[in-house]
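Engineer: no sequence on this one, just coordinates:
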């Protein structure tokens, strides 16, 4: 880490003040923001980029140093910092001292500042040229780089060109750089940084070693911020650090800028500044996370009056409606992840309240319910951004969510309708749900009671007669009869049949087929036939799909028809004409007799090209 160095007092060098002389004023030290003060100066200080550090360390140790590098990633993850550390590694140099051998070759291992390190870190070394491509986009700027690359470095071992936001260069500038980039002089290295790698021409990317710098995980970012707070003698609540880490979205620079702002918002204490979570919440305009969890419970249980009241209270406290809805969507995502991966509850960026209640919600809410809630919130956020009345739009999104939270999905509705039909009418159908609203959905019992009631398993219908299927084609016909067009299409295009018998199907999947097809088919067959079916995926190739078989028959038919004399004569008479269809009709039998004698029995439709000159 780069620690601030107090400047020397000029007065102390001039004279020693006497006993009666007033004390010399301390030299003013310019404040450095945390993002600059704690900017890494070596790869040991760089956090969250272990894969890149390992690769570069091995490359330098094996003396396999590339001529050019391109670093990409979102803002604040360390692209420019990494470029400067690379420039320092290229030119690391230490004289022999106290029995220690001199360092005269590039190395990643830099235990102490070398001859050129401080100047490189402070961006004032004559042989490390940094250029911002956002303000130097033209071919003339690149010509200066090309001309400078011809000359050997003045002081250091290697001349390094660092071009930030390289995607901003013009097409002519990129083209002018290509030759030098491909065959640079031995004393030159290029390091590019960009946030939009797709805008960099592939011809440039192919000449560079690419490293994708990742967003910093929340737990690592929280630990990093806590360490900096200790050094700055700042007492800050763990919840406040979690808020900053979430708001930074994986960017170290954003996190340090927010921490700087938070310290300024804090107040002094006996042992330094104190930063409570409420300060961060007010500074960022965030909703109280505990209140967000309460709001989630209200809307998912249908207590719309309580939900609107909670929204209004948070808005009165200064929380932005967009931020409230965004926090609600984040918590919905958190509960969904916890349901799928229980270990996600240990997320350090989540509060203890979120972890505990998130596990409870994950156990009681179904995946369709959570998925539907997410879709409604995302749509509500999109509407909110363009709305002239944000609070009203946010409340309407909550109303939609509260009324739709525990409705059955399309699959559940279809299952209930099938069961109702199989049971012989409405006698066995589930009772219609009561109207939703504050009175109907108010939870008198434990939370989520309304959702659990609506999602309770429907009464099982009486067993009907078993349907037997003689062939795979009969199964496809049954899917069509049941109007399950999606499954019928999948059976025709994705199934390569290996074995078919009553109660058993074995097949392999065509490329691009859904891996859930076997499970879906097994469930459908049990519903349709009243019998359990064993549906298994085979590792073999299987027979061609029904679609492939039909296409093969059509190709054979076209080949046979094309060989007929009359058809051949038509095709020769009209160059470019194609056979588009072959059909058999009752009216065509007399005309098809000649074709039948020649081996064909179909009417041929020929698509002839337009020709105004014939």
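Structural biologist: Yep, it's here. Everything numeric in this text was worked out from a predicted model, so none of it was measured.
Engineer: buried residues in stretch 30-46?
Structural biologist: Of all the residues in stretch 30-46, those buried under the rule 16 or more other C-beta atoms under 10 Å are 34-35, 37-43, 46. All C-beta atoms are positioned from the backbone trio N, CA, C, and that covers glycine.
Engineer: so, low pLDDT: which residues of the stretch 401-550 of the chain?
Structural biologist: 405-466 (pLDDT under 70).
Engineer: okay, and which of the buried residues of stretch 30-46 map to helices?
Structural biologist: Taking DSSP state H, the ones among the buried residues of stretch 30-46 that sit in helices are 34-35, 37.
Engineer: so residue 74 sits against residue 195, correct?
Structural biologist: Yes - counting by C-beta atoms under 8 Å, residue 195 is a contact partner of residue 74 at 6.3 Å.
Engineer: where's the residue most central in space within the chain, which helix or strand?
Structural biologist: Nearest to the geometric centre of the chain sits residue 215, at 11.3 Å (C-alpha atoms, centre = their mean). Take DSSP states H and E as the rule and residue 215 turns out to sit in neither a helix nor a strand.
Engineer: how near is it to residue 45?
Structural biologist: Separation of residue 215 from residue 45 (C-beta to C-beta, to the nearest Å): 18 Å.
Engineer: surely residue 535 meets residue 524?
Structural biologist: No - assessed by C-beta under 8 Å, residue 535 is found out of contact with residue 524, at 9.6 Å.
Engineer: residue ranges with poor pLDDT in the protein?
Structural biologist: Within the chain, the stretches with pLDDT under 70 are 1-29, 267-273, 285-287, 405-466, 581, 583-614.
Engineer: now, which of the ones in helices among the buried residues of stretch 30-46 sits nearest residue 81?
Structural biologist: The closest of these to residue 81 turns out to be residue 35 (C-beta to C-beta; 9.9 Å).
Engineer: tell me who's in contact with the closest residue to that closest one other than its chain neighbours.
Structural biologist: In this structure, residue 35 finds its nearest non-sequential neighbour in residue 256, 4.2 Å apart by C-beta to C-beta, 6 or more residues apart in numbering. With contact set as C-beta atoms under 8 Å, 6 or more residues apart in numbering, residue 256 has these partners: 33-35, 38, 225, 228.
Engineer: tell me the one of those residues nearest residue 341?
Structural biologist: Each of the contacts of residue 256 was checked against residue 341 using C-beta to C-beta; the closest is residue 225, at 25.4 Å.
Engineer: which helix or which strand is home to the closest one?
Structural biologist: Residue 225 belongs to helix 218-231, assigned by DSSP H and E.
Engineer: pull out the buried positions in that helix.
Structural biologist: Those would be 218, 221-222, 224-225, 228-229, for helix 218-231 by 16+ other C-beta under 10 Å.
Engineer: so which elements touch whichever strand or helix holds residue 523?
Structural biologist: Using DSSP H and E, residue 523 falls within helix 517-529. Secondary-structure packing of helix 517-529 (3 or more C-beta pairs under 8 Å, 6 or more residues apart in numbering; DSSP states H and E): helix 472-481, helix 485-494, strand 504-509, strand 534-537.
Engineer: re the thing from before, what distance do you get for the residue nearest to the centre of the chain to residue 47?
Structural biologist: In terms of C-beta to C-beta, residue 215 sits 11 Å off from residue 47.
Engineer: before we move on, back to that, dump the helices and strands packed on helix 517-529 to TSV, plus mean neighbour count and distance to residue 289.
Structural biologist: Output for these, formatted as TSV (neighbours: other C-beta atoms under 10 Å; distance: least, C-beta to C-beta, whole Å):
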stretch	mean neighbour count	distance to residue 289
helix 472-481	16	48
helix 485-494	17	41
strand 504-509	19	44
strand 534-537	14	44
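Engineer: which one, of those, ends up nearest to residue 247?
Structural biologist: helix 485-494 (41.9 Å).
Engineer: from the contact counts, what lies against the closest one?
Structural biologist: Helix 485-494 makes packing contacts with helix 472-481, helix 517-529, helix 546-562 when contacts are defined by 3+ C-beta pairs under 8 Å, 6+ apart.
Engineer: from the middle of its chain, how far away would it be?
Structural biologist: Relative to its chain's centre, helix 485-494 lies at 30 Å (C-alpha atoms, centre = their mean, to the nearest Å).
Engineer: whichever helix or strand comes after it to strand 504-509, inter-axis angle?
Structural biologist: The first helix or strand that comes after helix 485-494 along the chain, using DSSP H and E, is strand 495-501. If you take axes from the mean of the first three to the mean of the last three C-alpha atoms, to 10 degrees, strand 495-501 sits at 160 degrees to strand 504-509.
Engineer: what is strand 495-501 packed up against?
Structural biologist: helix 472-481, strand 504-509.
Engineer: would you tell me which of these gets closest to residue 66?
Structural biologist: Closest to residue 66 of these, according to C-beta to C-beta: strand 504-509, at 42.2 Å.
Engineer: contacts for that closest one, please.
Structural biologist: Residues outside strand 504-509 that contact it (C-beta under 8 Å, 6+ apart): 472, 475, 494-500, 515, 517-518, 521, 533-542.
Engineer: go again with 6 Å.
Structural biologist: 494-499, 534-536, 538, 542 (C-beta atoms under 6 Å, 6 or more residues apart in numbering).
Engineer: now swap in stretch 282-295 and tell me
Structural biologist: Here stretch 282-295 makes contact (C-beta under 6 Å, 6+ apart) with 247, 265, 307, 310, 314, 319-320, 323-324, 327-328, 331, 351, 353, 357.
Engineer: then stretch 147-159?
Structural biologist: Residues contacting stretch 147-159 (C-beta under 6 Å, 6+ apart): 90-91, 116, 126-127, 180, 187-189.
Engineer: at 7 Å what do you get?
Structural biologist: 90-91, 93, 116, 125-127, 129, 180, 184-185, 187-189 (C-beta atoms under 7 Å, 6 or more residues apart in numbering).
Engineer: got it, and stretch 197-208?
Structural biologist: By C-beta under 7 Å, 6+ apart, the list of residues contacting stretch 197-208 from outside reads 68-70, 72, 166-167, 174, 178, 181-182, 192, 194.
Engineer: in those, find the pair that's most separated.
Structural biologist: Greatest spacing in these, by C-beta to C-beta: 72 and 182 (19.9 Å).
Engineer: who has more neighbours, these two?
Structural biologist: Between residue 72 and residue 182, residue 72 has the larger neighbour count (other C-beta atoms under 10 Å), namely 21 against 13.
Engineer: the inter-axis angle of the helix holding residue 523 versus helix 485-494?
Structural biologist: Helix 517-529 runs at 130 degrees relative to helix 485-494, counting by the same axes, to 10 degrees.
Engineer: buried residues, helix 517-529. List them.
Structural biologist: Neighbour-count burial for helix 517-529, counted by 16+ other C-beta under 10 Å, picks out 517-518, 520-522, 524-525, 528-529.
Engineer: max pairwise distance over those: which two?
Structural biologist: Using C-beta to C-beta, the buried residues of helix 517-529 span at most 17.5 Å, a distance reached by 517 and 529.
Engineer: the strands in this protein, which residues?
Structural biologist: For the chain, the strands defined by DSSP state E cover 68-72, 128-132, 159-164, 188-194, 209-212, 235-236, 267-269, 272-275, 495-501, 504-509, 534-537, 578-583, 603-607.
Engineer: okay, the angle between the first one and strand 159-164?
Structural biologist: The reference is to strand 68-72. Between the axes of strand 68-72 and strand 159-164, defined by the same axes, to 10 degrees, the angle is 20 degrees.
Engineer: strand 68-72 vs strand 188-194, what angle?
Structural biologist: Going by the same axes, to 10 degrees, strand 68-72 is angled at 10 degrees with respect to strand 188-194.
Engineer: quick one: strands adjacent to strand 68-72?
Structural biologist: In the sheet, strand 68-72 lines up against strand 188-194 (parallel), strand 209-212 (parallel) (DSSP bridges).
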